[in-house]
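In: Take this sequence and fold it.
(one chain, ligands or ions: 1)
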Amino acid sequence: MQRKVIIAGGGTGGHIFPAIAIANALKKIQPDTDILFVGAAGKMEMEKVPQAGYPIEGLEIVGFNRSNIFKNILLPWKIWKSLRHAKGILQRFQPDVVVGVGGYASFPMLRQAQKNDIPTLIQEQNSFAGKTNKILGKKARKICVAYDGMDKFFPADKLIATGNPVRNNITQSAVTREDALQHFGLSNSKQTIFAVGGSLGAKSINEGLLPLLETIAEKDIQLIWQTGKPFFETAKAAAAPYASHIKVYDFINVMDFAYKAADVVVSRAGALAIAELCVVKKPVIFVPYPFAAEDHQTSNAMNLVNKKAGLIIRDDEVKSQLGNVVFNLLQNRALMEQLETNIGQLGRPNADMVIAKEVLGIIA
Ligand SMILES: CC(=O)N[C@H]1[C@@H](OP(=O)(O)OP(=O)(O)OC[C@H]2O[C@@H](n3ccc(=O)[nH]c3=O)[C@H](O)[C@@H]2O)O[C@H](CO)[C@@H](O)[C@@H]1O
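Out: Numbers count the residues shown, from 1 in each chain. Reported below is the predicted structural model:
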């Protein structure tokens, strides 16, 4: 029997890439599974999902604007329109199950599915549940989570501790450090920092790195710098005098290469970044984005910091501390090894398959 699955959600990489990992795992277990993605029109998923080989429909939905509440004036109308669109998708596609990966884009689709008694499964990436998932969790059949203590947000009997699904090209990467460094045009004999600000880039990490570029080159250290789109040109111009040591990208499509090349990673504390870092076992300095809903990135990062599986710098202290922390870590082999060992113990490389089995289990 062919299974039909809708995967809904998106907005940023932290929702899209786990969704793609689940889709790939479903296909691995049941190759004829018919999968349709539903995201938000104009968002990153509309590009990344087709690149991964899956069809997607975009709803005209936007998130609640926290910084300017007057910009939310059209929100009720957009929700109403998206609910109607979602209803049409359900009628046409007739899914057996709808999977929600979070973000406002998942709301209309799961809401309609629940209204129509179509089973739903939620995959919550963070240690602090998002509002959308909390509402949808009440009627979901199963809720796959990555952190302990999620019964604060969801009915305990629905929770399944699966970890976050990491893409196969990262869990099963065969690239060597040497090849990865060569890919970025970097030397195999120098220490390398990989700085990454989540899927959209991080202003504070970017601004923290700017004054360090000269020192990085002088110390003969290398930097792979993911800036996000808005800061890319500024960073590229600033790094131009140090081109042999510093490579700048707005977005990195080969994250497995970047992780492999790195001795130390400076990263936002998005849930997927963390899941990936646990799998690739890298010493990491977290700079949580303090304005994520309910400050969940700090909560994500502290979960690892408390286990001595990562270091942390507050967003407003990056400028004053980043240089010291990163250069000291690169000189402290014992600390690097301790962080590597501890973060490695938290990896869940099979989460994608475990979740896919739960999805198919709902249908059976
Ligand atoms: C500002 C904000 O609210 N961010 C949230 C968003 O983060 P964001 O989208 O930044 O998510 P994550 O850090 O969790 O994941 C980023 C994903 O993008 C990929 N990647 C990133 C950069 C790049 O150049 N190339 C690339 O492929 C990473 O490999 C990873 O798979 O969703 C996460 C998961 O719900 C949350 O934990 C984050 O708090």
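In: Name the residues of the protein found near the ligand, please.
Out: Contact residues of the chain with respect to the ligand, defined by Cβ under 6 Å from any ligand atom, are listed as 12-15, 17, 102, 125-126, 196, 198-200, 226, 251-252, 255, 268, 270-273, 276, 289, 292, 296-297. Every residue, glycine included, has its C-beta placed from N, CA and C.
In: now, which of those residues lie within helices?
Out: When DSSP state H defines the helices, the subset of the residues of the chain next to the ligand inside them is 13, 14, 15, 17, 255, 271, 272, 273, 276, 296, 297.
In: Does the third one touch residue 100 like I think?
Out: What it means is residue 15. No - with the criterion set as Cβ atoms under 8 Å, residue 15 and residue 100 do not qualify as a contacting pair; they are 9.5 Å apart.
In: shared neighbours, the two?
Out: Shared between the contact lists of residue 15 and residue 100 (criterion: Cβ atoms under 8 Å, 6 or more residues apart in numbering) are residues 9, 106.
In: and residue 191, how far is that from residue 220?
Out: Relative to residue 220, residue 191 is positioned 8 Å away (criterion: Cβ to Cβ, to the nearest Å).
In: Between the two, point out the one with more neighbours.
Out: residue 191 (17 against 11; other Cβ atoms under 10 Å).
In: Am I right that the more buried one is in contact with residue 263?
Out: Yes - because the distance of 4.8 Å satisfies Cβ under 8 Å, residue 191 is recorded as touching residue 263.
In: list the residues that contact both of the two?
Out: In the contact map built from Cβ under 8 Å, 6+ apart, the residues linked to both residue 191 and residue 263 are residue 330.
In: circling back: name the member of the ones in helices among the residues of the chain next to the ligand with the most neighbours.
Out: Among those, residue 15 has the most neighbours (other Cβ under 10 Å), with 30 neighbours.
In: burial count for residue 160?
Out: The burial metric for residue 160, expressed as a neighbour count using other Cβ under 10 Å, is 14.
In: My error: substitute residue 229 in the last question.
Out: Residue 229 has 10 neighbouring residues, counting by other Cβ under 10 Å.
In: Also residue 136?
Out: A total of 26 residues lie near residue 136 under the criterion other Cβ under 10 Å.
In: Not counting its neighbours along the chain, what's nearest it?
Out: The spatial neighbour of residue 136 that comes closest, neighbours along the chain excluded (Cβ to Cβ, 6 or more residues apart in numbering), is residue 110 at 4.8 Å.
In: Equivalent analysis for residue 24, please.
Out: Using Cβ to Cβ, 6+ apart and skipping the chain neighbours, the partner closest in space to residue 24 is residue 168 (6.0 Å).
In: phi, psi of the nearest residue to residue 23 once chain neighbours are set aside?
Out: Across the structure, with Cβ to Cβ, 6+ apart as the measure, the residue nearest residue 23 apart from its sequence neighbours is residue 35 (5.1 Å). For residue 35, the backbone dihedrals (degrees, to the nearest 10) come out as phi -120, psi 130.
In: Okay, and the beta partners of residue 35?
Out: For residue 35, the residues forming beta bridges with it (DSSP bridges) are residue 5.
In: OK, contacts around the residue of the stretch 251-364 of the chain found nearest the ligand?
Out: Per Cβ to the nearest ligand atom, residue 270 is where the stretch 251-364 of the chain lies closest to the ligand, at 2.1 Å. Under the criterion of Cβ under 8 Å, 6+ apart, the neighbours of residue 270 are 12, 13, 14, 198, 199, 289, 292, 297, 300.
In: can you list these in TSV and add distance to residue 343?
Out: Listed next are the contacts of residue 270 as TSV, based on distance: Cβ to Cβ, whole Å:
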residue	distance to residue 343
12	23
13	20
14	18
198	18
199	20
289	20
292	21
297	16
300	13
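In: Tell me the confidence at the residue of the stretch 251-364 of the chain closest to the ligand?
Out: What the model reports as pLDDT for residue 270 is 95.
In: Quick one: the helices in the stretch 151-300 of the chain, in order.
Out: With helices called from DSSP state H, counting those that start in this stretch, the stretch 151-300 of the chain shows them at 168-171, 177-183, 203-209, 213-218, 232-239, 255-261, 271-280, 296-305.
In: looking at those helices, which is closest to residue 76?
Out: If you check each of those against residue 76 by Cβ to Cβ, helix 296-305 wins as the nearest, at 25.8 Å.
In: Between the two ends of stretch 124-144, how far is it?
Out: Criterion Cα to Cα, to the nearest Å; first-to-last residue distance in stretch 124-144 is 6 Å.
In: for stretch 286-296, same thing?
Out: Between the opening and closing residues of stretch 286-296 we find a distance of 13 Å, counting by Cα to Cα.
In: Flag every buried residue along that stretch.
Out: By neighbour count on 16 or more other Cβ atoms under 10 Å, the buried set for stretch 286-296 is 286, 287, 288, 289, 292, 296.
In: tell me the mean pLDDT over stretch 276-284?
Out: pLDDT averaged over stretch 276-284 equals 97, rounded to a whole number.
In: Dump it to CSV, restricted to CA.
Out: The C-alpha coordinates for stretch 276-284 follow below in CSV (Å, rounded to 0.1, in the frame of the first residue of the first chain):
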residue,chain,number,x,y,z
GLU,A,276,24.8,18.2,13.9
LEU,A,277,27.7,19.3,16.1
CYS,A,278,26.9,16.4,18.4
VAL,A,279,27.1,14.0,15.4
VAL,A,280,30.3,15.5,14.0
LYS,A,281,31.9,15.8,17.5
LYS,A,282,33.4,19.3,17.3
PRO,A,283,34.5,21.6,20.1
VAL,A,284,32.1,24.5,20.0
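In: That's all I had, so thanks and see you.
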